[in-house]
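[1] Coordinates for the following, if possible.
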Amino acid sequence: SQTTALHHAAWRGHVAIVHKLIAAGADVNAVNAWGKTPLHDASERGHGGIVRLIQEAGANPRLLSFVDSHVSFWHLTCVECESARELAEKNNHAEVLRLLDDAQQSELVKAAIAGDEMRVVDLLARGADINAADDSGATPLWSAVKYGHSRIVTHLLKAGASEFQVTTALLDIASMDNSSGSSLLTIAKRAGNETIVAELQKAMKTALFAAVAVGSVALVVSALSEGMSTDCFNESGQSLLHLAADGGHMGVVAVLLAAGASVDLPDMAGVLPLVVAESRGHAYVVRLLREALRHKCSEMGRMLLQAVRNGDEQRTIDLLTKGATVVSEPAGETLLHVAAKCNHVAVLTALLKANVIDVDTRNEAGATALFLAAASGEVDAVNTLLQADADVNLSDRDGATPLLVPVQKGHASVIGQLLRAGAGAALPTEASLSTPVLV
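    Here you go, the predicted model:
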């Protein structure tokens, strides 16, 4: 009958005898005439202790028994077969089911480590818990990522494995300075496996948009902690902030803004998140977005002013392109005044080309940018402003024209520039009733 002593002991629940037989070298995978192994017998009868012993001895849980015990082994392909787990489930042996399931999870991890794609697919089809960790803390997906098996990573992700799991697997801890665990993306990046990195990032992006759509703050925080961009778009052309605004998810909106999401980034149709929230009537979200816009405009304005003061042409252009608010100094001086006084000609030219400030705008004292540049003797700045058609005779509040101060200070080159541009040398000033000529 091909039934071994181990079969008999396993069926009858004789733990001590099973232990001795295994120690003596009994084949734990021996198959009798009905296709059953000792594991099948112990599982069918509900002998948990024996199931554990046989598993530890290397029993193969994949082997199938015959349902019809009267069919010969050679007709296996013609009948329905059952696994040890199916036998335990049919007979309601909960402890045995737990033992077999635990072993199955370990098998899935082993298959992922070995890169056994067919085995992984088979275990997934049998219902193996895709996120269960083995005794070392390793999950199937962690194992596949760690050992660089990209096709298995794809199978596991498609089957629903969590992209954001942080493992404390012993093998990983041994290779790290930080023993608190590593994210999958960190492991893949450290290994330099670009295929797996791309696969994980794709899955994470999908999961991130799904989390935003349902307003899950915890999942959004997990995704962003992996370094996911806050300004990515979905296939509909929406950013994360647009999607959160559309759903009225105030907590998610707050998290995205705190993480640096661009509140002024339009969607593919050119619509801002604020407009989306307003159209949906989400009052609290509207308030958050308006405040964020005000703060960003103010912050960008400060950065723009600093760039102009420093003479940073490229930074100035970048900020102007992003729509930075034009700010003024306490004395009412515009960015043109600041650039003119400092003789930052490149920045001055960028501001004039952007056409965001009228060239003849006055400060609180009534002085134009040309007036200040001339008073400081800045030949290049004066020339740039004159080329932009600055009014050469526009006086300040005291009635002084741009020509008067250079005459008083002896800035000969500037005087020549202004006169050639049509400055009125004989025009009296209201302040002193004197003219530049008299001075």
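
[2] can you give me the helices for the stretch 1-150 of the chain?
    Counting by DSSP state H, counting those that start in this stretch, the stretch 1-150 of the chain has helices at residues 5-12, 15-23, 38-45, 48-56, 84-90, 94-114, 117-125, 140-146, 150-158.

[3] How is the protein partitioned into domains?
    If you go by the TED database, the domain ranges for the chain are 5-73, 298-421.

[4] Please convert these to JSON lines, extending it with mean neighbour count.
    The way it works is simple: take the backbone N, C-alpha and C, and place the C-beta from them, glycine included. Output for the domains of the chain, formatted as JSON lines (neighbours: other C-beta atoms under 10 Å):
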{"stretch": "domain 5-73", "mean neighbour count": "19"}
{"stretch": "domain 298-421", "mean neighbour count": "19"}
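
[5] Quick check: the gap between the closest residue to residue 215 other than its chain neighbours and residue 30.
    Once flanking residues are discounted, residue 215 sits nearest to residue 249: 3.6 Å by C-beta to C-beta, 6 or more residues apart in numbering. Per C-beta to C-beta, to the nearest Å, residue 249 is found 60 Å from residue 30.

[6] and what of residue 190?
    45 Å.

[7] Next: residue 55.
    Taking C-beta to C-beta, one finds residue 55 at 15 Å from residue 30.

[8] Which other helices and strands does the host helix or strand of residue 199 contact?
    Residue 199 is part of helix 194-214 when elements are defined by DSSP states H and E. When contacts are defined as 3 or more C-beta pairs under 8 Å, 6 or more residues apart in numbering; DSSP states H and E, helix 194-214 sits against helix 150-158, helix 184-191, helix 217-225, helix 240-247, helix 250-258.

[9] Please convert these to TSV, extending it with mean neighbour count, distance to residue 141 and mean pLDDT.
    What follows is the helices and strands packed on helix 194-214, written out as TSV (neighbours: other C-beta atoms under 10 Å; distance: least, C-beta to C-beta, whole Å; pLDDT from 0 to 100):
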stretch	mean neighbour count	distance to residue 141	mean pLDDT
helix 150-158	20	5	94
helix 184-191	19	6	87
helix 217-225	18	15	88
helix 240-247	27	24	96
helix 250-258	20	25	95
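
[10] picking that back up, how about TSV for the helices of the stretch 1-150 of the chain, with distance to residue 386 added?
    Below are those laid out as TSV (distance: least, C-beta to C-beta, whole Å):
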stretch	distance to residue 386
helix 5-12	103
helix 15-23	100
helix 38-45	96
helix 48-56	91
helix 84-90	90
helix 94-114	74
helix 117-125	75
helix 140-146	65
helix 150-158	65
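
[11] which one of those lies closest to residue 242?
    helix 150-158 (25.8 Å; C-beta to C-beta).
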